[in-house]
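In: sharing a model that was predicted from the sequence below.
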Amino acid sequence: MIKIGIIGCGKIAQVRHIPEYRQNPDCEIVGYYDLNLGRAQALASEFGGKAYMTLEEMLRDKDIDAVSVCVANISHAEDTIAALDAGKHVLCEKPMATTLEDCEKMVMAARRNGRKLMIDQNQRLAKAHRKARELVRDGFIGKILTFRTAFGHAGPETWSIDPGNATWFFDKERAVMGVMADLGVHKTDLIQYILGQKVVATTARLTTLDKRDASGKPISVDDNAMCIYEMDGGAVGTMTASWTYYGQEDNSTILYGEKGILRIYDNPEYSLEAIMRNGERVLFDLDRIQTNDNQTSTGIVDSFIDCIKNDVRPSIDGEDVLNAMKAVFGSIESSKTGRRVEID
């Protein structure tokens with residue numbers, strides 16, 4: 001039985017990590033830590049386990065094998081590295097970290113300690129995304145020429161343990177980045193995964209169009225991000241992330257190939273739709289993408305537990321996510337300078 005500690009007891013832990021761990025028969029949550037001790041104590045009382053006074057106390061506990069890092073963005077790297085150095089395997093929420101240097105330090109800490117480091121880029125595990133990757137690899141719609149991928153909803157105001165305009169997502173000191181790191185990192189990682197290509201250049205615009213903080217002032221992080229990505233396999237396309245889609249949530253990707261078009265989570269009736277050059281339609285009814293209002297199991301915890309149990313590389317290893325983070329930071333630089341930025 002793999003013993004789990006939860007670092008950060010906010011909504012992402014309560015809605016996703018804890019329920020998914022509790023459904024997995026190969027693990028048990030035994031500890032909770034949060035800056036708000038009462039929050040950790042409440043979860044320990046409800047689900048069993050211990051609430052720790054400090055993070056150091058939790059990490060000293062040799063009974064804990066692995067942890068989920070579910071804290072604000074600014075603390076991802078520090079808490080992850082501390083856990084890895086304490087000999088724990090780590091599942092870290094996205095974005096991986098707030099600087100490329102910190103992302104690289106996390107990867108080095110995992111190597112140094114021989115521990116697993118998995119990043120919660122859970123869109124890779126959605127059935128239609130996995131099927132799309134397979135179809136692209138098999139040449140179903142031929143060489144991919146262009147693409148459009150988007151992730152937008154009405155914002156994170158309800159996606160915080162303290163809901164409303166005072167959410168930490170809008171606080172630059174704690175979040176550092178806005179929608180680009182919240183939603184854009186998902187689709188940046190995803191397009192690389194599906195295409196089997198990496199972003200090599202980006203031209204981006206990050207802006208704040210509508211969101212306001214508790215004082216009524218425009219938030220200090222971006223609420224919209226639009227990027228043009230150039231891929232190392234020749235494809236070129238757009239990635240859009242938004243917190244101002246005030247109607248229906250959009251979490252779709254469309255690929256335009258030499259032989260046809262592949263629409264992923266774009267048709268409400270079918271998770272995957274291929275429209276071939278000759279007009280033929282091929283439909284796949286695989287699953288439904290989860291939304292903020294309809295949470296389903298992401299599969300990320302099961303994958304994390306499996307990699308520990310069988311001592312294999314995580315399916316979404318920290319090192320695999322580095323290039324997506326480079327594209328995110330490159331897009332931020334592009335928006336600041338107004339120039340195209342090449343990704344090393």
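Out: Perfect, thanks for sending it. Note that the coordinates shown come from a computational prediction; the quantities given were computed from them, not determined experimentally. Numbering: from 1, shown residues only.

In: and Asn310, how many neighbours?
Out: The number of residues packed near Asn310 is 7, by other CB atoms under 10 Å. Quick note: C-beta positions are derived from backbone N, CA and C, even for glycine.

In: break the chain into its domains for me.
Out: Split into domains by automatic domain parsing, the chain comes to 2-122, 125-303+315-342.

In: deepest in the core, which of those domains is it.
Out: Stretch with highest mean neighbour count among the domains of the chain: domain 2-122 (a mean of 20; mean count of other CB atoms under 10 Å).

In: can you give me how far that one is from the chain middle?
Out: Taking CA atoms, centre = their mean, to the nearest Å, one finds the center of domain 2-122 at 15 Å from the center of the full chain.

In: quick one: residues contacting the residue nearest the centre of the chain.
Out: Per CA atoms, centre = their mean, the C-alpha nearest to the average position across the chain is that of Gln121, at 3.6 Å. Applying CB atoms under 8 Å, 6 or more residues apart in numbering, we find Gln121 in contact with Lys94, Val185, His186, Asp189, Leu190, Ile316, Val321, Ala324.

In: 10 Å instead?
Out: Going by CB atoms under 10 Å, 6 or more residues apart in numbering, Gln121 touches 93-96, 185-186, 188-190, 192-193, 300, 315-316, 320-321, 324.

In: ok, the nearest residue to Asp102 once chain neighbours are set aside - contacts?
Out: Setting aside the residues directly before and after it, Asp102 is nearest to Ala77 in space (CB to CB, 6 or more residues apart in numbering), at 3.6 Å. With contact taken as CB under 10 Å, 6+ apart, Ala77 is in contact with 69, 92, 96-99, 101-106, 109.

In: doesn't Ala77 fall inside a helix?
Out: Yes - according to DSSP: H, G, I helix; E, B strand; the rest coil, Ala77 belongs to a helix.

In: pLDDT score for it?
Out: For Ala77, the model assigns a pLDDT of 98.

In: and for the one 3 residues further on?
Out: Looking at Thr80, its pLDDT reads 98.

In: ok, Ala128 next?
Out: 96.

In: how about the contacts made by the closest residue to it other than its chain neighbours?
Out: Sequence neighbours aside, Ser271 is the residue nearest to Ala128 in space, at 3.9 Å (criterion: CB to CB, 6+ apart). Taking CB under 10 Å, 6+ apart as the contact definition, Ser271 lies against 126-129, 131-132, 263-265, 283-289.

In: and for Gly257?
Out: 135-136, 139-147, 235, 274, 276-277.

In: now with 6 Å?
Out: Taking CB atoms under 6 Å, 6 or more residues apart in numbering, we find Gly257 in contact with Ile141, Gly142, Ile144.

In: gap between the closest residue to Tyr32 other than its chain neighbours and Val90?
Out: The shortest distance from Tyr32 to any non-neighbouring residue, by CB to CB, 6+ apart, is to Ala40 (4.0 Å). According to CB to CB, to the nearest Å, Ala40 stands 18 Å off from Val90.

In: try Glu342
Out: In this view, Glu342 and Val90 are 31 Å apart by CB to CB.

In: same question, Tyr52
Out: Using CB to CB, we find Tyr52 at a distance of 16 Å from Val90.

In: go on, Gln123?
Out: Separation of Gln123 from Val90 (CB to CB) stands at 20 Å.

In: now swap in Leu183 and tell me
Out: 23 Å.

In: and the helix ranked longest in the chain, how far out from the chain middle?
Out: In the chain, ranked by residue count with DSSP state H as the criterion, the top helix is helix 318-337. Relative to the chain's own centre, helix 318-337 is displaced by 14 Å; criterion: CA atoms, centre = their mean.

In: just name the lowest-scoring one in the contacts of Ser271, pLDDT-wise.
Out: Among the contacts of Ser271, pLDDT bottoms out at Arg288, giving 63.

In: those helices in this structure, which residues are they?
Out: 11-12, 18-23, 37-47, 55-60, 76-85, 100-113, 127-137, 172-175, 179, 185-195, 300-309, 318-337.
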